[in-house]
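**Q** build the 3D model from these lines:
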Amino acid sequence: MAVKLGISLIAWQNDDLPELTAAFTTEGAMEDAGRIGYQGVERGRRMPADTEGLRAYLDRYGVVLCGGWCSGNLMVNDLATEQDAIRQQVEQFAALNAPCIVYAECSNTIQGDIHRPVNQRPKLSRDEVMGYGAKLSELAKWSADQGCVLSYHHHMGAMVQDAEDIDWLMEGSTEDLTLLYDTGHLHFAGADPLAVLDKWGHRVHHVHFKDVRQPVLDWVRAEDRSFLDGVAAGVYSVPGDPEGCIDFQAITDRLKAMDYDGWIVVEAEQDPAKAPPFEYSKMGYDHIRTIAAASGLEIAP
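**A** Take a look at the predicted model:
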């Protein structure tokens, strides 16, 4: 059983704050990711849209597709409408043997609004989230039947953000729905990443490793700032950054103990003027290899 190491290109190509990364290209990001040693990349908006074009593009840089974001609207759509909305991405990811589609509800999120404090995010009741989970289970089963696992991404500014929301979503859904486990979003939300992994590790199908700079997070909370304010100020970083506060060794130990054999994806949106993407992405890669070896967690060649 071995994990694979992937990366999101968001450090080079930030879709939410494109002005931060205007000086960087997707091609340069792909070259950097391959040169560092990452085995896969998550899909970015600036990659080829057609499946064969995307396949050739990935092959050119020696990486595979290890997931990708999907903006869900199941809260406002019926099941058939949502299936039609995401069908092309699901079919493409299945054709390219991606491990999952990274699904998050975006019909009511404030994550992309730099003028809305993150504490104004939608907070639903237990019954509402569990009802959504039951509906989402049907979508997840349909997606799996098409050949692509659906992994739900809890996210700051969204209706599924903290440990309580995750509990309700998992309790209200079937095991057709898997969980994307994101260390940085959990810490930002005030959750204990280890406790969430201990409780829901059997539902975790995909992992994002990102660290948090606690002083920046404290500023976001004290000044009532938006999620994007936090990103621009450097709330997130990569594993191995001495400014980070998350114990990735303990998390990697847990992943080994639960025989996790999926992808670990570095995803840390930062200002490249302050955190050069190649340097920080290599820092994350090297740190994960070090802690994986200490945990006895094998990394696939």
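**Q** for this structure, give me the ranges with low pLDDT.
**A** For the chain, applying pLDDT under 70 flags no range at all.
**Q** quick check: longest strand of it.
**A** As assigned by DSSP state E, the longest strand anywhere in the chain is strand 64-72.
**Q** what packs against that strand?
**A** The criterion is 3 or more Cβ pairs under 8 Å, 6 or more residues apart in numbering; DSSP states H and E, and the helices and strands that strand 64-72 contacts are strand 4-7, strand 40-43, helix 51-61, helix 79-95, strand 101-105, strand 263-266. Where C-beta positions appear, they are placed from N, C-alpha and C, glycine not excepted.
**Q** out of those, flag the one nearest Tyr181.
**A** Evaluated with Cβ to Cβ, the helices and strands packed on strand 64-72 place strand 263-266 nearest to Tyr181, the distance being 9.8 Å.
**Q** report the buried residues of the next helix or strand after that closest one.
**A** For strand 263-266, the succeeding helix or strand toward the C-terminus, using DSSP states H and E, is helix 277-295. For helix 277-295, the neighbour count (16 or more other Cβ atoms under 10 Å) marks 277-278, 280-285, 287-288, 291-292, 295 as buried.
**Q** also stretch 15-25?
**A** 17, 20-21, 24.
**Q** export these to a markdown table and append columns for distance to Cys245 and secondary structure.
**A** Formatted as a markdown table, these follow (distance: Cβ to Cβ, whole Å; DSSP: H, G, I helix; E, B strand; the rest coil):
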| residue | distance to Cys245 | secondary structure |
| --- | --- | --- |
| Leu17 | 23 | coil |
| Leu20 | 23 | helix |
| Thr21 | 25 | helix |
| Phe24 | 27 | coil |
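**Q** looking at those, which is nearest Met156?
**A** For those, the nearest to Met156 is Leu17 (14.2 Å; Cβ to Cβ).
**Q** tell me who's in contact with the closest one.
**A** Residues in contact with Leu17 (Cβ atoms under 8 Å, 6 or more residues apart in numbering) are 228, 231-232, 269.
**Q** same deal with Lys256?
**A** Contacts of Lys256 by Cβ under 8 Å, 6+ apart are 295-297.
**Q** and if we set it to 10 Å?
**A** Neighbouring residues of Lys256 by Cβ atoms under 10 Å, 6 or more residues apart in numbering: 1, 3, 292, 294-298.
**Q** same check, this time on Asn119
**A** 110, 157, 220-221, 224-227.
**Q** go again with 8 Å.
**A** 221, 224.
**Q** distance of it from Met156?
**A** 10 Å (Cβ to Cβ, to the nearest Å).
**Q** so after the helix or strand Leu139 falls within, what's the next helix or strand?
**A** Assigned by DSSP H and E, Leu139 belongs to helix 126-145. Using DSSP H and E, the helix or strand that follows helix 126-145 in sequence is strand 150-153.
**Q** hmm, back to that, and the helix holding Leu139 with helix 79-95, angle?
**A** Relative orientation of helix 126-145 versus helix 79-95 (axes from the mean of the first three to the mean of the last three Cα atoms, to 10 degrees): 50 degrees.
**Q** what's the closest of the buried residues of stretch 15-25 to Lys199?
**A** For the buried residues of stretch 15-25, the nearest to Lys199 is Leu17 (32.7 Å; Cβ to Cβ).
**Q** quick check: phi and psi at that closest one.
**A** Per-residue torsions, Leu17: phi -130, psi 70 (degrees, to the nearest 10).
**Q** wait, what's in contact with Tyr103?
**A** 70, 72, 86, 139, 150-153.
**Q** select only the buried ones of these in ChimeraX?
**A** Selection command for ChimeraX covering only the buried members of the contacts of Tyr103, criterion 16+ other Cβ under 10 Å:
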select :70,72,86,139,150,151,152,153
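**Q** how about the contacts of Tyr103 in TSV, adding distance to Gln249?
**A** Putting the contacts of Tyr103 into TSV (distance: Cβ to Cβ, whole Å) gives the following:
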residue	distance to Gln249
Cys70	31
Gly72	33
Ile86	36
Leu139	36
Leu150	30
Ser151	24
Tyr152	26
His153	24
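**Q** for the spatially most central residue of the chain, which non-adjacent residue is spatially closest?
**A** Taking Cα atoms, centre = their mean as the criterion, His208 is the residue nearest the geometric centre of the chain, at 5.0 Å. Leaving aside its chain neighbours, His208 sits nearest to Asp182 (4.1 Å; criterion: Cβ to Cβ, 6 or more residues apart in numbering).
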